[in-house]
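Model the following, please.
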Amino acid sequence: MADIAYDAVSLATTSPLVLTDVKPRAKAIALTARLYAPSEGAAPYPAVVISHGLGNETMAREQRYASLLNQNGFAALFIDSFAARRSARWPGAFRQLVVTEAMMLADAFAALRSLTVRDEIDPARIAIAGFGEGGTTAVLSAYAQIAQLFAPCGARFSSHVSYWALTAPRLVDVTTTGAPIALLNGALDTGASLARAELIAGDLQLGGSPVESVVFPYTGRCWDIDDQQPHPHGFNLANLALQIRPDHTTVDERRGAAVRGLTTRLITLARAARTSTVLGEHDEEVSAQSDQILLRHVHGSN
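Sure thing, here's the model as predicted:
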């Protein structure tokens, strides 16, 4: 695939370690994002914010989805929370320790706010999609509590698509923004708890969002990668279970202890982590199916 041109966009974001660190006047840091605009069609365009996970093949995936979305009339804004915090080349375990769910949510809503004020973007049709940890961001941003915390101004995503998300966080208050959500997982993915994924799907539906939960048989994760060979991911957090309370406190469900800083986060992740291999392998058929689900949701025809 030929490289697709993009514009570098500088966003102001913040780095809250946990949700209770989110403050109105927190210190800002720079987040460089890449905006791919359709070459045809008239503005304003609908758009999709895409959040990366821990995977190293981000540019190959980025170009793939930029092409798919641009060809269907969407702008695509790619954010990389790990690169923004100079941890992109660190081992996955360290990246996951220091780049938290709260930071990735801050980046996603910073991206949303930046798009809403661009003349070429339709502010009412900005969706979010994410992979792995970015998939978790796509899910969490659908909850009303989270959206109000990060965007009290009222900006909201129009739809949410999550690919093989980490299934750790669940909210006590399951009220959502009402936007539709797609949860995409592989039946052979040992890096996530599929049972917990179904509980999360139930939470979201109970909270007021239409939910499409799809588990593809005979595949794990990263089915969209170019490489035909399996890609092992050795850091497994399928056993991690977190509860987010209405006061934004995050609690380790198994220990009942709050996650308040790096030390307690390290303890929580270390207790849950397993070294079993999580496989990702290319699957053309599943990729085609998930592409159609993505397009259907961002078009608002789910």
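
And stretch 207-226, end to end?
Stretch 207-226 has its terminal residues 37 Å apart, counting by CA to CA, to the nearest Å.

Distance from that stretch to the middle of the chain?
13 Å (CA atoms, centre = their mean, to the nearest Å).

cool, stretch 120-131 as well?
That offset, for stretch 120-131, works out to 13 Å (CA atoms, centre = their mean).

next one: stretch 46-57
On CA atoms, centre = their mean, the centre of stretch 46-57 falls 7 Å from the chain's centre.

mind listing the strands for the protein?
For the chain, the strands defined by DSSP state E occupy 7-13, 29-36, 45-51, 75-79, 121-131, 160-163, 169-171, 181-186, 211-216, 231-233, 242-244, 250-252, 257-258, 278-280.

Would you single out the least confident of those strands?
The minimum mean pLDDT among the strands of the chain belongs to strand 231-233 (a mean of 56).

on that earlier part again, of the strands of the chain, which is nearest Gly300?
The closest of the strands of the chain to Gly300 is strand 121-131. By CB to CB, the value is 7.3 Å. (Glycine included, C-beta is placed from N, CA and C.)

what helices or strands is the closest one leaning on?
strand 45-51, helix 101-116, helix 133-140, strand 160-163, helix 284-299 (3 or more CB pairs under 8 Å, 6 or more residues apart in numbering; DSSP states H and E).

re earlier: could the strands of the chain be laid out in CSV, adding distance to Arg95?
CSV is the format used below for the strands of the chain (distance: least, CB to CB, whole Å):
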stretch, distance to Arg95
strand 7-13, 17
strand 29-36, 16
strand 45-51, 14
strand 75-79, 15
strand 121-131, 14
strand 160-163, 18
strand 169-171, 18
strand 181-186, 22
strand 211-216, 26
strand 231-233, 12
strand 242-244, 18
strand 250-252, 18
strand 257-258, 23
strand 278-280, 16
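
looking at these, which is closest to Asp203?
Across those (criterion: CB to CB), the nearest stretch is strand 169-171, sitting at 6.2 Å.

How about residues contacting the closest one?
101, 136, 139-140, 143, 145-146, 196, 199-200, 203, 241-244, 250 (CB atoms under 8 Å, 6 or more residues apart in numbering).

Let me know the closest of those to His52.
Thr136 (11.8 Å).

so that closest one sits right up against Ala168, yeah?
Yes. Contact criterion CB atoms under 8 Å: Thr136 and Ala168 qualify, at 7.5 Å.

Report the central residue of the chain.
The centroid of the chain falls nearest to Gly134 when counting by CA atoms, centre = their mean (2.4 Å).

That one: what's its closest spatial neighbour, skipping adjacent residues?
Ser51 (3.1 Å; CB to CB, 6 or more residues apart in numbering).

Let me have the strands of the chain in CSV, adding mean neighbour count as columns.
Shown next, in CSV, are the strands of the chain (neighbours: other CB atoms under 10 Å):
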stretch, mean neighbour count
strand 7-13, 15
strand 29-36, 18
strand 45-51, 27
strand 75-79, 26
strand 121-131, 22
strand 160-163, 28
strand 169-171, 21
strand 181-186, 26
strand 211-216, 17
strand 231-233, 17
strand 242-244, 19
strand 250-252, 20
strand 257-258, 14
strand 278-280, 21
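
closest one to Ile293 among those?
strand 181-186 (5.4 Å).

Give the partner strands of that closest one in its sheet and their orientations.
Each strand paired with strand 181-186, and its direction, by DSSP bridges: strand 160-163 (parallel), strand 211-216 (parallel).
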